[in-house]
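Novice: predicted model, plus sequence, below.
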Amino acid sequence: MTIPVTVVGAGIIGETHVDAVLRHPRLHVAAVVDTDLVARERLAGRAGAEAFADLAGALTPGGLVTVCTPSGLHADLAEQALAAGAHVLVEKPLDAALGPARRLADRADEFAARGLVASVVSQHRFDPASVAVAAAAHGGGLGRLTSAVATVPWWRAQAYYDSATWRGTQALDGGGALMNQGVHTVDLLLWLLGEPVEVFAYTARLAHDDIEVEDVAVATLRFASGALATLHATTAGNPGIGVRLQLHGTAGSAVIHDDQLEYLHADAGPAKASDAVPVSELRGAPKPPDSFVLGHLRQYDDLVAAIDGGRPPGVGLRDGLLAVAVVHAVYESATLGRPVKVAEVS
């Protein structure tokens, strides 16, 4: 029996989720929800699903709701779905605002006790390169983790922000290059290095007009382990190049570049990159044109396994909350001009 999926939000990311669900043998698209009549009818027709103007009429207890709306609506829609007895997958970030994100994450145990799976999209945790590096990091193959360097050097033309009234707004986007484009990389840093303690940051808006958010962010993070990391995210880096994450330890190092494994040196487990992932996942290998959909499909595999097995998903609500808290700590530090403790961000 397949699990009915309701996709909330018929924009670009909603289309990606529909494409992923249509490929999954255990899922089918039952409904598409959007306030825009043309958008919802178009995507519902493509998916062979019903179209709804609001979530209330599209909910199926025991089904799955995927939230793909502007970020400032995420937590409220997720809570509505969970209250109706549906599993939930929320697109990143968990919410634009920290308050709603925390309110939702604080109920994680309650949802789990009711047998509901609630997850946040962080599909790059399931990339073979990320899995290999995490195995080396968490398994001791890199020794004591000491530092990391992460950069998201992307480009978004002014037309990107002009394409929707919510883009680049504090209320619905929640932030700019870091909250929207860089939060995946923030999540990977936290997954690999653990609990962050303190952040010092600068942000700027240098290449775009009529937006409320940053298009450049740089930060230094200090972790509970003592490890340090630098983080850079921009939508002002024309023409845009691949995301790169370097992880260093006393026994080895690893580099993920554009979601592929560029380098691995470890003294336990696979010793080098070619031993850790298939050739197709090594840096420089041709990437299939649907690689973005495949990344989401891997997370759907995890979600279905969690639903079937009654286990937590690979990315939980508290993971999503921590990523949002770190982004807000970056913004607060940049505003105040001083280091900010992540635990003190409100």
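Specialist: Sure, I can see it. For clarity, every value in this text was computed on a predicted model and none was experimentally measured. Numbering: from 1, shown residues only.
Novice: can you give me the helices for the stretch 101-250 of the chain?
Specialist: 108-113, 128-138, 158-162, 183-193 (DSSP state H, counting those that start in this stretch).
Novice: quickly compare those helices and say which is most buried.
Specialist: helix 183-193 (a mean of 24; mean count of other Cβ atoms under 10 Å). Using the backbone N, CA and C atoms, a C-beta is placed for each residue, glycine as well.
Novice: elements contacting it?
Specialist: Applying 3 or more Cβ pairs under 8 Å, 6 or more residues apart in numbering; DSSP states H and E, one finds that helix 183-193 contacts helix 128-138, strand 145-153, strand 228-234, strand 244-249, helix 317-336.
Novice: nearest approach to residue 13 belongs to which of those?
Specialist: Closest of the helices and strands packed on helix 183-193 to residue 13 is helix 317-336, at 15.6 Å (criterion: Cβ to Cβ).
Novice: which SS state does the residue sitting furthest away from the middle of the chain fall under?
Specialist: Here the chain reaches farthest from its C-alpha mean at residue 267, the gap being 30.1 Å by Cα atoms, centre = their mean. What DSSP: H, G, I helix; E, B strand; the rest coil gives for residue 267 is coil.
Novice: what's around the nearest residue to it once chain neighbours are set aside, how many residues?
Specialist: Nearest non-adjacent residue to residue 267, counting by Cβ to Cβ, 6 or more residues apart in numbering: residue 251, 4.4 Å away. Applying other Cβ atoms under 10 Å, we find 15 residues neighbouring residue 251.
Novice: go on, residue 310?
Specialist: If you count neighbours by other Cβ under 10 Å, residue 310 ends up with 9.
Novice: domains of the protein?
Specialist: Structural domains annotated on the chain: 3-120, 145-249+316-344, as defined by automatic domain parsing.
Novice: quick one: end-to-end distance for the first one.
Specialist: Length of domain 3-120, first residue to last, Cα to Cα, to the nearest Å: 18 Å.
Novice: I'd like the distance from it to the chain centre, please.
Specialist: Centre-to-centre, domain 3-120 and its host chain are 15 Å apart (Cα atoms, centre = their mean, to the nearest Å).
Novice: what's the answer for stretch 164-174, then?
Specialist: Per Cα atoms, centre = their mean, the displacement of stretch 164-174 from the mean C-alpha position of its chain is 17 Å.
Novice: rewinding a little: can you tell me how far the residue farthest from the centre of the chain is from residue 145?
Specialist: Applying Cβ to Cβ, to the nearest Å, the value for residue 267 to residue 145 is 13 Å.
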